[in-house]
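[1] Got a predicted structure plus its sequence, pasted below:
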Amino acid sequence: RRPKCCPPGALGATTCRRAESSLRGDVETLPGGLDAYVVGKGNKRAVLVAGDIFGIHQGRHKEICDVLADEGFLVILPDFFHGAPKERSGG
């Protein structure tokens with residue numbers, strides 16, 4: 001029997017549910033030259049989100065950041081791979 005990808009209540013597969021145009025954050029260049037998706041205002045509360053090896057422009061990274069920002073956090077998702085994430089392989 002094949003295991004399920006995600007536990008009950010999880011967001012599920014990695015396809016973004018929203019169109020890129022409906023995301024509320026912006027990609028900004030941080031001090032030191034690292035790009036990051038930044039969303040929310042935060043009042044002394046911030047979350048640093050680390051993406052996976054496929055980069056910040058894949059899956060639901062930005063969508064999850066928007067949800068955290070809705071809870072009152074400043075959310076920063078750095079592009080640690082500088083726009084060159086690992087490519088997906090079959091299987």
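    Happy to help now that I have it. Numbers count the residues shown, from 1 in each chain.

[2] What residues sit buried inside the lowest-mean-pLDDT helix or strand in the chain?
    In the chain, no helix or strand scores lower on mean pLDDT, DSSP states H and E than helix 61-70, which sits at a mean of 93. Neighbour-count burial for helix 61-70, with 16 or more other CB atoms under 10 Å as criterion, is recorded at His61, Lys62, Ile64, Cys65, Asp66, Leu68, Ala69. In short, each C-beta sits where N, CA and C put it, glycine included.

[3] got it, and stretch 50-58?
    Residues of stretch 50-58 classed as buried by neighbour count (16+ other CB under 10 Å): Gly51, Gly55, Ile56, His57, Gln58.

[4] what sits against the most centrally placed residue in the chain?
    Of all residues in the chain, the one closest to the mean position by CA atoms, centre = their mean is His61, 2.0 Å from it. By CB atoms under 8 Å, 6 or more residues apart in numbering, the residues touching His61 are Tyr37, Val49, Gly51, Asp52, Leu77.

[5] Check the buried residues of helix 61-70 against His82 and report the nearest one.
    When the buried residues of helix 61-70 are ranked by distance to His82 (CB to CB), His61 comes first, at 15.4 Å.

[6] Relative to Val47, how far out is the closest one?
    Counting by CB to CB, to the nearest Å, the gap from His61 to Val47 is 12 Å.

[7] same question, Ile53
    20 Å.

[8] just Phe54 next, same as before
    Applying CB to CB to Phe54 and Val47 gives a distance of 20 Å.

[9] Great, nothing more from me.
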